[in-house]
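**Q** Need a 3D model of the sequence below.
(2 chains)
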There are 2 protein chains.
Amino acid sequence: MAQRIHYTNDVAAAIRRLVTQYQPSGVVWVADDNTCRLMPDACPVVTIPAGEQHKTLDAVCRIWDGLHHNGATRHTLVVNLGGGMVTDVGGMAAATFKRGVRFVNVPTTVLGAVDAAVGGKTGFNRHGLKNEIGVFAPASDVIVSTRFFDTLPRHEFKAGWGEVLKHALLSGPDHLRQVLDWNLEATAIDHDALLPLLQQSVQVKVDIVARDPHEAGEREALNLGHTVGHAIESLAMNRGNAVAHGYAVAWGLVAELVLSHLQQGLDSAVVHRVARFVRDHYGTFPFTCDDYDVLLDAMHHDKKSVNGEVRCTLLAAVGDYRVHQSVTDDDMRAALDIYRDLMD
Amino acid sequence: MAQRIHYTNDVAAAIRRLVTQYQPSGVVWVADDNTCRLMPDACPVVTIPAGEQHKTLDAVCRIWDGLHHNGATRHTLVVNLGGGMVTDVGGMAAATFKRGVRFVNVPTTVLGAVDAAVGGKTGFNRHGLKNEIGVFAPASDVIVSTRFFDTLPRHEFKAGWGEVLKHALLSGPDHLRQVLDWNLEATAIDHDALLPLLQQSVQVKVDIVARDPHEAGEREALNLGHTVGHAIESLAMNRGNAVAHGYAVAWGLVAELVLSHLQQGLDSAVVHRVARFVRDHYGTFPFTCDDYDVLLDAMHHDKKSVNGEVRCTLLAAVGDYRVHQSVTDDDMRAALDIYRDLMD
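**A** Take a look at the predicted model:
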């Protein structure tokens, strides 16, 4: 699972260094309809349709066939340029083409940089299930640049910041302070400040994945905020009003910090500080106690539940996480009550 | 790449032991139109069409969908029952379903037992290329039984024996003697003698793969006989008269043993003994010096060639192999001349 992560705002130079090092027989880029505009000129590129709805076997086939038509060999280098969808699908295609060619991820979104591009999960959706088919195959290198975020819509930047916030909560108070102090509403990005902060954030995931590459246990920490977050996504979907994953995670983090306070004694000042940040920048997801049954039903069917029992990752303190914590329905209802008080 | 190989003629008991050990959430079998008749009763099974022409993405999709419809989880055990096509495609499907579920291979052919089922290569054909798409993913267990060979057509048994002969040549004189002394024309199989002999044969591959799981170098040894063998397959295909892979390997072995004599000083008695065995049991593949250009052209385009230079694995003695040996066109023509003398 050795994977090198390069933090640089000169992506072209980073790619040149990798080509010098690996001496591939050729380089083929994979991009989507949006990110193909960010490509260097005159490079062979396979373009796939943008959007989660296209994260399918068809997209993988398009990449396989594009690699073939570009004369790719076992010694070709694939460069995936895009958000999590491109790096997941491009990684899957590269990891299976001729039983695996080397690939590099260049994430163009915050979410891609701190989450999807790193850690070795690839895949596509099938049977109505996310990442139903895939392999664990790390990009040899990930190039993280904040320059791509200049043109990222603000809501996408914020969605990614939900995962940045999660990493900070898993990491420690100093990191958390920097993340909460970041001006999410600023019109221009302070690249000199953002790049090292992203580096810290990515490192949180890298360290956890290194200790548990195949999701045997500790990697579950990365699901902080996701039990409630996924339930909120389901509820929103049922209402015909989908919400961005990163927003649902931000709301889910607030609810799970409340649970952490109730079950693990997490300092309530942390809960209030995070709740205020999320409310100020993400608004709230409105629901009433009439929605609790639907939310709980989603949690019981979550893949993290065991024998129908809801499981969460909880915090005893910032940076001190406890995976696989059982949560009773009563405790979850209490936490949702408090979430509504905090966020309304 | 840890992979356990069980040699037993009680397959049902072996499967029961694995289920006791792994405690899967369920077991789903994968078989083809032919091997589904060999299934235990009342087990969930996904059936794919038999034959190399069906070794495609469609077959993999059928298995993915069959796993889904049978309620497979990350903790399901997949059992692939069949020849190399079933274990290659079933292994690929299992290794990618939910990013990988455990699978067991139960080869039903000699070729499957000594070659395809063992070593971790999975895949399917695409772009007109064999195993163009795949992953390195070993079956957790391989169950080798000779009982399946009672109903195997004789030509299929012989085809598999071509690889058994190859392994013996890579192994040593004692093993080679047993393989050449085997009565390929016997009407009934002596299971008590065959099972331990197959075990020796499989172990040759296991040992080589263990030292080079991802084909970095030494695994090339397993291509003994395959440079000329593949060229013969191509020539036969061009003539519209395909030959079985195992037969082509047997003929290729003779030609490459001649080369080994010319370049590495392999004892000519070995060459004569193997040539007689192959001629007696496989007949010969007839070609003239007018076919040399076509054969050489195929060798130059073989994936083992480097910068258009023909490469072979050669023997200095039985069991003493040398990978990546350059062979000039003149030497190859000389070897083909001698092959024709020996085999006519």
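
**Q** So which residues on the stretch 101-250 of chain A come close to chain B?
**A** Residues of the stretch 101-250 of chain A found near chain B (CB under 8 Å from any CB of the partner chain) are A:121, A:123, A:126-127, A:131-136. Where C-beta positions appear, they are placed from N, C-alpha and C, glycine not excepted.

**Q** Show me which of these is closest to B:Ala221.
**A** Nearest to B:Ala221 out of these is A:Val135 (CB to CB; 27.4 Å).

**Q** list the contacts for the closest one?
**A** Applying CB atoms under 8 Å, 6 or more residues apart in numbering or on different chains, we find A:Val135 in contact with A:92, A:95-96, A:122-123, B:95-96, B:99-100, B:135.

**Q** cutoff 6 Å now
**A** Going by CB atoms under 6 Å, 6 or more residues apart in numbering or on different chains, A:Val135 touches A:95, A:122, B:96, B:135.

**Q** of the residues of the stretch 101-250 of chain A next to chain B, buried ones?
**A** With burial judged by 16 or more other CB atoms under 10 Å in any protein chain shown, the buried subset of those is A:121, A:123, A:126, A:131-136.

**Q** of all the contacts of A:Val135, which two lie farthest apart?
**A** Using CB to CB, the pair of the contacts of A:Val135 lying farthest apart is A:Thr122 and B:Val135, separated by 10.8 Å.

**Q** Start from the N-terminal end of chain A and give the helices.
**A** Using DSSP state H, the helices found in chain A span residues A:11-22, A:57-69, A:84-96, A:110-111, A:154-171, A:173-181, A:191-211, A:226-238, A:245-264, A:268-282, A:292-300, A:329-343.

**Q** so can I have a markdown table of these showing mean neighbour count?
**A** Output for the helices of chain A, formatted as a markdown table (neighbours: other CB atoms under 10 Å in any protein chain shown):
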| stretch | mean neighbour count |
| --- | --- |
| helix A:11-22 | 15 |
| helix A:57-69 | 19 |
| helix A:84-96 | 28 |
| helix A:110-111 | 26 |
| helix A:154-171 | 23 |
| helix A:173-181 | 16 |
| helix A:191-211 | 17 |
| helix A:226-238 | 21 |
| helix A:245-264 | 25 |
| helix A:268-282 | 18 |
| helix A:292-300 | 17 |
| helix A:329-343 | 17 |
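
**Q** Tell me which residue of chain A is furthest from the middle?
**A** A:Gly71 (32.4 Å; CA atoms, centre = their mean).

**Q** what's that residue sitting at in phi/psi?
**A** phi 70, psi 30 (degrees, to the nearest 10).

**Q** Switch the helices of chain A over to JSON lines; also include mean pLDDT.
**A** Converted to JSON lines, those look like this (pLDDT from 0 to 100):
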{"stretch": "helix A:11-22", "mean pLDDT": "96"}
{"stretch": "helix A:57-69", "mean pLDDT": "97"}
{"stretch": "helix A:84-96", "mean pLDDT": "97"}
{"stretch": "helix A:110-111", "mean pLDDT": "95"}
{"stretch": "helix A:154-171", "mean pLDDT": "96"}
{"stretch": "helix A:173-181", "mean pLDDT": "97"}
{"stretch": "helix A:191-211", "mean pLDDT": "94"}
{"stretch": "helix A:226-238", "mean pLDDT": "92"}
{"stretch": "helix A:245-264", "mean pLDDT": "97"}
{"stretch": "helix A:268-282", "mean pLDDT": "97"}
{"stretch": "helix A:292-300", "mean pLDDT": "93"}
{"stretch": "helix A:329-343", "mean pLDDT": "96"}
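
**Q** can I get these in a markdown table with distance to B:Pro286?
**A** As requested, the helices of chain A are exported to a markdown table (distance: least, CB to CB, whole Å):
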| stretch | distance to B:Pro286 |
| --- | --- |
| helix A:11-22 | 46 |
| helix A:57-69 | 35 |
| helix A:84-96 | 40 |
| helix A:110-111 | 63 |
| helix A:154-171 | 66 |
| helix A:173-181 | 75 |
| helix A:191-211 | 58 |
| helix A:226-238 | 66 |
| helix A:245-264 | 65 |
| helix A:268-282 | 77 |
| helix A:292-300 | 69 |
| helix A:329-343 | 77 |
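
**Q** With adjacent residues omitted, what lies nearest to the residue nearest to the spatial centre of chain A?
**A** The C-alpha lying nearest the average C-alpha coordinate of chain A belongs to A:Asp115 (CA atoms, centre = their mean; 3.4 Å). Spatial nearest neighbour of A:Asp115, excluding adjacent residues (CB to CB, 6 or more residues apart in numbering or on different chains): A:Glu163 at 5.0 Å.

**Q** Would you quantify the distance from that neighbour to A:Gly319?
**A** Look at A:Glu163 and A:Gly319: by CB to CB, to the nearest Å, they are 16 Å apart.

**Q** swap in A:Ser268?
**A** From A:Ser268 over to A:Gly319 the distance is 17 Å, taken as CB to CB.

**Q** Same question for A:Ala12.
**A** Between A:Ala12 and A:Gly319 the distance is 37 Å, computed by CB to CB.

**Q** A:Asp344: neighbour count?
**A** By other CB atoms under 10 Å in any protein chain shown, the residues close to A:Asp344 number 8.

**Q** Leaving aside the residues adjacent along the chain, what's closest to it?
**A** A:Thr284 is the one closest to A:Asp344 (CB to CB, 6+ apart), at 6.8 Å.

**Q** Could you pull up phi and psi at the one you found?
**A** Main-chain dihedrals, A:Thr284, degrees, to the nearest 10: phi -130, psi 160.

**Q** Could you check how far it is from A:Val254?
**A** Distance of A:Thr284 to A:Val254, given as CB to CB: 9 Å.

**Q** before we move on, what about A:Asn238?
**A** Where A:Val254 is concerned, A:Asn238 sits at a distance of 21 Å (CB to CB).

**Q** Next, format the contacts of A:Val135 as a markdown table and append distance to B:Gly172.
**A** Below are the contacts of A:Val135 laid out as a markdown table (distance: CB to CB, whole Å):
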| residue | distance to B:Gly172 |
| --- | --- |
| A:Ala95 | 38 |
| A:Thr122 | 43 |
| B:Thr96 | 38 |
| B:Val135 | 33 |
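
**Q** Next up, the contacts around the residue nearest to A:Asp115.
**A** A:111, A:114-115.

**Q** let's see 7 Å
**A** A:Glu163 makes contacts with A:111, A:114-115, A:246, A:249, as judged by CB atoms under 7 Å, 6 or more residues apart in numbering or on different chains.

**Q** Just give the nearest non-adjacent residue to A:Val209, would you?
**A** Setting aside the residues directly before and after it, A:Val209 is nearest to A:Gly119 in space (CB to CB, 6+ apart), at 4.4 Å.

**Q** ignore the last one, A:Ser25
**A** Ranked by CB to CB, 6+ apart and with sequence neighbours excluded, the top spatial neighbour of A:Ser25 is A:His75, at 4.1 Å.

**Q** and what of A:Asp150?
**A** A:Ile189 (6.1 Å).

**Q** could you measure that neighbour against chain B, distance?
**A** Using CB to the nearest CB, to the nearest Å, A:Ile189 is found at 34 Å from chain B.

**Q** Ok, A:His75 next?
**A** Separation of A:His75 from chain B (CB to the nearest CB) stands at 11 Å.

**Q** number of nearby residues for that residue?
**A** A:His75, neighbours per other CB under 10 Å, totals 13.

**Q** isn't it right next to A:Val27, touching?
**A** No: taking CB atoms under 7 Å as the definition, A:His75 is not a contact partner of A:Val27, at 10.7 Å.

**Q** quick one: common contacting residues for those two?
**A** Counting by CB under 7 Å, 6+ apart, no residue touches both A:His75 and A:Val27.
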